[in-house]
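A.B. asks: The following comprises the amino acid sequence and a computationally predicted model.
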Amino acid sequence: AQSVAQPEDQVNVAEGNPLTVKCTYSVSGNPYLFWYVQYPNRGLQFLLKYITGDNLVKGSYGFEAEFNKSQTSFHLKKPSALVSDSALYFCAAWLMNTGFQKLVFGTGTRLLVSP
Amino acid sequence: DGGITQSPKYLFRKEGQNVTLSCEQNLNHDAMYWYRQDPGQGLRLIYYSQIVNDFQKGDIAEGYSVSREKKESFPLTVTSAQKNPTAFYLCASSPRMYNEQFFGPGTRLTVL
């Protein structure tokens, strides 16, 4: 079945250290992949996307993501974490079944950055 | 939250009542979507619309209804047939399918 998985419910990192939030996908064809961030009681904010091209995608607020086709992964990264990065992060992928297309989300990873 | 507004921010419903959640966008996007968010389950698609006067069921459409009479508006009605409606509801839009989606601030619905 086509799906998106975020294997970690929570990631803890100290401010100033690099962070990685993991995502793996299982979709037919070429994947369209996205990362979103959600702050408490707010809507999701788009961070970055991979459609085609360079495997390293740069996005908003200093975030980047690395697309790895052989490992079917799209991990979110940032070289130096900020306390204000603490939030819920969602990976998503477009599923393109015949007659039905939708954006499917992982279950989310909570990032906690400690001072 | 861009050019998408949702109202109200909080909504309380009694058992057996229908309620309508508003979603308006000024981004001139063709496609609009409704999601339901429950803790630990990510987002689940309720309905989506690719164009005015057309909409499609998502994964959990039972107990919900929508309309798309105007490009900028996509209201969601939670009917009494929805047995467990307490959740956070998110509306989104995109220029067309396969683009990134832009989300509204959400409506938190609680059944009393």
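C.D. replies: Received, thanks.

A.B. asks: Could you list the low-pLDDT ranges of chain A?
C.D. replies: For chain A, applying pLDDT under 70 flags the ranges A:97-100.

A.B. asks: For chain B, what's its nearest residue on it.
C.D. replies: A:Gly43 (3.6 Å; Cβ to the nearest Cβ). C-betas here are computed from N, CA, C, even on glycine.

A.B. asks: tally of neighbours for that residue?
C.D. replies: Per other Cβ atoms under 10 Å in any protein chain shown, the neighbour tally for A:Gly43 reads 22.

A.B. asks: and the gap between it and B:Gln101?
C.D. replies: If you measure A:Gly43 against B:Gln101 using Cβ to Cβ, to the nearest Å, the figure is 10 Å.

A.B. asks: shared neighbours of those two, anything?
C.D. replies: B:Ala92 (Cβ atoms under 8 Å, 6 or more residues apart in numbering or on different chains).

A.B. asks: doesn't B:Gly106 make contact with the residue of chain A closest to chain B?
C.D. replies: Yes: counting by Cβ atoms under 8 Å, B:Gly106 is a contact partner of A:Gly43 at 5.2 Å.

A.B. asks: shared neighbours of those two, anything?
C.D. replies: Among the neighbours of A:Gly43, those also in contact with B:Gly106 (Cβ under 8 Å, 6+ apart) are B:6, B:90.

A.B. asks: Now do the contacts for residue 90.
C.D. replies: Here I'm looking at chain A. A:6, A:35-38, A:44, A:105-106, A:108-109, B:42-43.

A.B. asks: meant chain B, my bad for not saying
C.D. replies: By Cβ under 8 Å, 6+ apart, the contact set of B:Leu90 is A:43-44, B:6, B:34-37, B:43, B:103-104, B:106.

A.B. asks: ok, back up a step: which PyMOL command selects the buried ones in the contacts of A:Phe90?
C.D. replies: Selection of buried members from these for PyMOL, criterion 16 or more other Cβ atoms under 10 Å in any protein chain shown:
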select buried, (chain A and resi 6+35+36+37+38+44+105+106+108+109) or (chain B and resi 42+43)
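
A.B. asks: could the contacts of A:Phe90 go into TSV alongside distance to B:Ile51 and secondary structure?
C.D. replies: Converted to TSV, those look like this (distance: Cβ to Cβ, whole Å; DSSP: H, G, I helix; E, B strand; the rest coil):
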residue	distance to B:Ile51	secondary structure
A:Gln6	32	coil
A:Trp35	28	strand
A:Tyr36	24	strand
A:Val37	29	strand
A:Gln38	28	strand
A:Leu44	23	strand
A:Phe105	23	strand
A:Gly106	28	coil
A:Gly108	30	coil
A:Thr109	34	strand
B:Gly42	27	coil
B:Leu43	22	strand
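
A.B. asks: of all the contacts of A:Phe90, which comes closest to A:Lys58?
C.D. replies: The shortest gap between A:Lys58 and any of those belongs to A:Trp35, at 11.5 Å (Cβ to Cβ).

A.B. asks: Was I right to think the closest one contacts A:Ser60?
C.D. replies: No: counting by Cβ under 8 Å, A:Trp35 does not reach A:Ser60; the two are 9.5 Å apart.

A.B. asks: can you give me the strands in chain A?
C.D. replies: Secondary structure of chain A by DSSP state E: the strands cover A:3-5, A:10-14, A:19-21, A:24-26, A:33-38, A:44-50, A:56-58, A:64-68, A:73-78, A:87-97, A:100-105, A:109-114.

A.B. asks: Could you say which of these is packed most deeply?
C.D. replies: Mean neighbour count, computed with mean count of other Cβ atoms under 10 Å in any protein chain shown, is highest for strand A:33-38 among these, reaching a mean of 24.
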